[in-house]
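**Q** Below are the sequence and a predicted model; questions follow.
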Amino acid sequence: MPLVAPKKSVPQERSEIVEYWVEFRSVYFVAKYRSISKASEALEIHRATVMRHVDALENHLGFALFHRHHKGCTPTDSGESFLAVGERVLSEYRTLFDSLRNGKTSVTGEISVSSPLGLSTMVVKAAELFRQEHEYCNVRHEIVDGVPKLELADVNLSVCAGPKPTTPDYVVVPLLNVQNALYAHKCYLERVDLPTTEETLGRHKFALVDELGMSEPNSWLRALLSSLKSQHWSISYSSTNHLSVFRAVFEGIGVGVLPIFIAENNDQLIQIAPNLAVPPVPVWSVTHGNTHRTPKTQAFIKYLRLLGARMETEPALLREIVSVT
């Protein structure tokens, strides 16, 4: 007995839509013009073909869609329903074609964005601008540290800070660089001499992010300290969390790396060794290659980049958006 491949199960609703799409179109035009002849002219197909389409759909549904008489065809209540639905379908097609001709596509549904808590206000402000243009697309915001697995499609876009993500298939877009410098609180400097050179740094205490939460500025500072001739420095405070380390510097526990835009707004903080070039912290938008080019993802990235450009030149806006407390 020959083996026969099993037939794939196709949902009935989907099968009907695909199988009777042409018939649906013919029924719509007959209902619109109240005439098989006029429908055939509009569709540019033979009158017998239109009649066959109407009969096929009526037989499939099990009820009449038209009352036929010598003057033409009058839709039944069911036939009127086809007319109403057909008008909506045509309206949607017109909207789609117009948007495509204008280089625009409709942005609807939901976009899911993730960020750490410190960058959450940036996402909220981008969402506000995004929603002004795309009111029918909702924004769902998840607070997470790092970049989630975008290939799972639970998150469309992730905003993160730190080293550039290198996961294959991820598309990484730079948003801004947060500039940093070394600072100490006045209460700390009341107990020790102000370090003015790299060498004098070797006699101080430091607040640092430890290896589990290491960022480039803190890696740079550890490497700098390890290279000094004077090895009398010590780590008085460490944490996996950047905000905790910032607070330690604010409380005078030691010298540490701070964002310049924050320190400049606090007259109790003194910059240490201004000639040292502390690496910035870059902020990134990260998407998966499969969804990077979708209209809603591109629209949200556009507003993130606009905000990022403003934040680099407007310290007040940067202070408002990036949370370090």
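**A** It's in.
**Q** what's the pLDDT at the spatially most central residue of the chain?
**A** Nearest to the geometric centre of the chain sits residue 157, at 3.4 Å (C-alpha atoms, centre = their mean). At residue 157, the pLDDT value in this model is 96.
**Q** Quick one: residues contacting it.
**A** Going by C-beta atoms under 8 Å, 6 or more residues apart in numbering, residue 157 touches 111, 112, 113, 114, 285, 286, 287, 297, 300, 301. The way it works is simple: take the backbone N, C-alpha and C, and place the C-beta from them, glycine included.
**Q** between those, which is nearest residue 233?
**A** residue 286 (35.6 Å; C-beta to C-beta).
**Q** now the residue nearest to the centre of the chain: how far from residue 319?
**A** 24 Å (C-beta to C-beta, to the nearest Å).
**Q** same question, residue 243
**A** Between residue 243 and residue 319 the computed distance is 15 Å (C-beta to C-beta).
**Q** one step back: may I have the beta-bridge partners of the residue nearest to the centre of the chain?
**A** Listed by DSSP bridges, the beta-bridge partners for residue 157 are residue 113, residue 287.
**Q** burial count for the closest residue to residue 175 other than its chain neighbours?
**A** With C-beta to C-beta, 6 or more residues apart in numbering as the criterion, residue 175 has its nearest non-adjacent residue at 3.6 Å, and that residue is residue 308. Residue 308: 22 surrounding residues under other C-beta atoms under 10 Å.
**Q** ok, now residue 322?
**A** By other C-beta under 10 Å, the residues close to residue 322 number 21.
**Q** can you map out the strands along the stretch 151-300 of the chain?
**A** 157-161, 170-178, 180-185, 205-209, 234-239, 256-259, 269-272, 281-288 (DSSP state E, counting those that start in this stretch).
**Q** what's the last one in contact with?
**A** Outside strand 281-288, the residues within contact range by C-beta under 8 Å, 6+ apart are 119, 122, 147, 150-151, 153, 156-165, 169-178, 180, 215-217, 259, 297, 301, 304-305, 308.
**Q** May I have stretch 247-254 exported as CSV, CA atoms only?
**A** Extracted in CSV, the C-alpha atoms of stretch 247-254 (Å, rounded to 0.1, in the frame of the first residue of the first chain):
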residue,chain,number,x,y,z
ARG,A,247,26.4,58.2,46.2
ALA,A,248,29.7,57.1,47.9
VAL,A,249,31.6,59.9,46.2
PHE,A,250,28.8,62.4,47.2
GLU,A,251,29.3,61.3,50.8
GLY,A,252,33.0,61.8,50.7
ILE,A,253,34.1,58.2,51.0
GLY,A,254,36.7,58.6,48.2
